[in-house]
Each structure stands twice: as C-alpha cells, then as structure tokens.
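A.B. asks: requesting a structural model of the entry that follows:
(chains A and B)
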Amino acid sequence: DGGITQSPKYLFRKEGQNVTLSCEQNLNHDAMYWYRQDPGQGLRLIYYSQIVNDFQKGDIAEGYSVSREKKESFPLTVTSAQKNPTAFYLCASSIGTANTGELFFGEGSRLTVL
Amino acid sequence: AQSVAQPEDQVNVAEGNPLTVKCTYSVSGNPYLFWYVQYPNRGLQFLLKYITGDNLVKGSYGFEAEFNKSQTSFHLKKPSALVSDSALYFCAVRDTSGGYQKVTFGIGTKLQVIP
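C.D. replies: Numbering: from 1, shown residues only, chains lettered A, B, ... in the order given. Just a heads-up that it's a prediction; the model follows:
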C-alpha cells in the first residue's frame, strides 16, 4: 500500500542531544513537509521541500534541520538549539506545492525531552 | 497573509443528531479549502476539499461541507453523527496566488459525539 512511514513513533531525548526523525513515502510525490503539533496551536510548518536537493524554511524552522537527498525521504533533525522540542511531529507529502491536491500524512512521531 | 479560524474548541452533539463544525478563512487569492480528521496519536486523514464548482462538497464517511464565498466560510456537516466520529477536526486553506502555495491549518475543533 502507498503511504508515508514515520519512525520512531515515540522518542525520548535528553537535553543537549540531537535526534533525527525519519519520513519515507512511496507515493511518488514531489513535495514533502514537516509540521509540529502542539495542543491548542494547530499545525505549524517547520520545513518543506518541493523537489529533491531543495528545501525551504517554514514558519518555525529555528532549531531544526532537514535534507532531501532522495525523492522518497525527508528526515528531520531536532537539534539542541530547539528550546522546546517536546511535541508531536507530522510528516506529509503532496503531488506538488501548487496544485489542487491534498496532503497525505504519516502517523506522527512524539518526541519527549527528559 | 492567509488565516483559518475555527471558533469552537469543542463541539458536543448527541448520536444521531446533525453536526456542524465551523470554519472561516482569509486569503488574498482564490482558496482551495480542505477538511482533515485526526484520531488520538495518529496522523491527519483527508476528508474532503473544495476547489471550484458546486458549493456543496461531499467527502468520506458521510461528511459534507458548504463553501460560502460571501461569508468566507467552509463549515463541515454530517446529517447524523456517530460515536465513532468523535475526533479532532482541522480546516485548512491553500492560497492559490504565488509559486509556493502555502497550506494554513486552523487550530482544530474537538468533536464529541455523546451516545
């Protein structure tokens, strides 16, 4: 079945550590996104990528980094510079960034900083 | 700047009754409008979208939404609520002006269907 796979589902991190969240899609979509979800704040865009080897900052990119070396993969690194990293992280993809298509979401990764 | 407002944090409805979850939006160009549903600790699932044409859009699980351009609204509706409809619902808008068409989400409305 086509879809988006995020891993790990749950992750615990000590302060000062970098962690990387995986996102893989087999939908052949060009565009991929990372969102952060906090209670009562909806979804906020961290980074997006419209094509391989290209990515752009979203609304809350500080303390995060991404790469897009393959069409299928868009990993997110939460660095120690992110002051409040505890959140639910959602990866999504779409056919493109300028079309009528909806976003397809993974199941999310919940990061907790101890 | 584009924005989405979901004025109700929570909507309670009795099973079998009709439900409405409200959404209003603001964009500079023509809007593409979406509704998504999220169950606890899961990703978002697409329900329906309005692109153009008929103002009443039908989607998954018996949901529908009505686009009202003059009121800049896109309310989600269902004629008869099920307990299994209890979840978090997000409205989203894509502004069709510009090269990168950003998608903006509302803060979500929790729907509680009471048996």
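A.B. asks: I'd say residue B:31 and residue B:95 touch.
C.D. replies: Yes. With contacts counted by C-beta atoms under 8 Å, residue B:31 reaches residue B:95, the gap being 6.7 Å. (C-beta placed from N, C-alpha, C; glycine too.)
A.B. asks: those two - which one has more neighbours?
C.D. replies: When residue B:31 and residue B:95 are compared for neighbours, residue B:31 comes out ahead with 23 against 20, by other C-beta atoms under 10 Å in any protein chain shown.
A.B. asks: which residues does the nearest residue to that one once chain neighbours are set aside contact?
C.D. replies: With C-beta to C-beta, 6 or more residues apart in numbering or on different chains as the criterion, residue B:31 has its nearest non-adjacent residue at 5.1 Å, and that residue is residue B:93. For residue B:93, the set of contacting residues under the criterion of C-beta atoms under 8 Å, 6 or more residues apart in numbering or on different chains consists of B:2-4, B:25, B:27, B:31-34, B:74, B:103-104.
A.B. asks: three-state assignment of residue B:93?
C.D. replies: When classified by DSSP: H, G, I helix; E, B strand; the rest coil, residue B:93 comes out as strand.
A.B. asks: next one: it from chain A, what distance?
C.D. replies: Between residue B:93 and chain A the distance is 12 Å, computed by C-beta to the nearest C-beta, to the nearest Å.
A.B. asks: report the beta-bridge partners for that residue.
C.D. replies: residue B:33, residue B:104 (DSSP bridges).
A.B. asks: residue A:103 versus the residue nearest the centre of chain A, what's the distance?
C.D. replies: Using C-alpha atoms, centre = their mean, the residue of chain A that lies closest to the mean C-alpha position is residue A:34, 2.8 Å off. When distance is defined by C-beta to C-beta, to the nearest Å, residue A:34 is 12 Å away from residue A:103.
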